[in-house]
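Colleague: coordinates only, sequence not included:
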């Protein structure tokens, strides 16, 4: 997830890349803009990052 800002702009903002693990869960989903995958919107780690201005960019898939 990355800090949210106007698309295509980097003026006066930091770009931070965060990697976190989020276990599968039922309920509302937050879809990745890449078109692949989603995370459970109600998980504490997802809610925390969204509340602090981050946005989902890309998911890593494991099997």
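Modeller: Everything's here; your move. This structure is a prediction, so every number in the text was calculated from the model and none was measured.
Colleague: tell me which element residue 49 is part of?
Modeller: Here residue 49, judged by DSSP states H and E, is contained in helix 44-51.
Colleague: Toward the C-terminus from that helix, list the very next helix or strand.
Modeller: Sequence order places strand 54-55 as the next helix or strand after helix 44-51, per DSSP H and E.
Colleague: for that next one, packing partners?
Modeller: strand 2-3 (3 or more Cβ pairs under 8 Å, 6 or more residues apart in numbering; DSSP states H and E). All C-beta atoms are positioned from the backbone trio N, CA, C, and that covers glycine.
Colleague: Where do the strands of this structure begin and end?
Modeller: Ranges of strands in the chain, per DSSP state E, are 2-3, 29-31, 38-40, 54-55.
Colleague: Compile these into a markdown table and extend it with columns for mean pLDDT, mean neighbour count and distance to residue 20.
Modeller: Converted to a markdown table, those look like this (pLDDT from 0 to 100; neighbours: other Cβ atoms under 10 Å; distance: least, Cβ to Cβ, whole Å):
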| stretch | mean pLDDT | mean neighbour count | distance to residue 20 |
| --- | --- | --- | --- |
| strand 2-3 | 55 | 16 | 12 |
| strand 29-31 | 95 | 16 | 13 |
| strand 38-40 | 93 | 17 | 9 |
| strand 54-55 | 88 | 16 | 10 |
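Colleague: now for those strands, which one comes closest to residue 63?
Modeller: Closest of these to residue 63 is strand 38-40, at 16.2 Å (criterion: Cβ to Cβ).
Colleague: Point out the other helices and strands that the closest one packs with.
Modeller: Judged by 3+ Cβ pairs under 8 Å, 6+ apart, strand 38-40 is in contact with strand 29-31.
Colleague: any idea how far the most centrally placed residue in the chain is from residue 42?
Modeller: Closest residue to the average C-alpha location of the chain: residue 56 at 2.4 Å, with Cα atoms, centre = their mean. Separation of residue 56 from residue 42 (Cβ to Cβ, to the nearest Å): 14 Å.
Colleague: now do residue 16
Modeller: With Cβ to Cβ as the criterion, residue 16 and residue 42 are 23 Å apart.
Colleague: more crowded one of those two?
Modeller: Applying other Cβ atoms under 10 Å to residue 16 and residue 42 shows that residue 42 carries more neighbours, namely 13 against 10.
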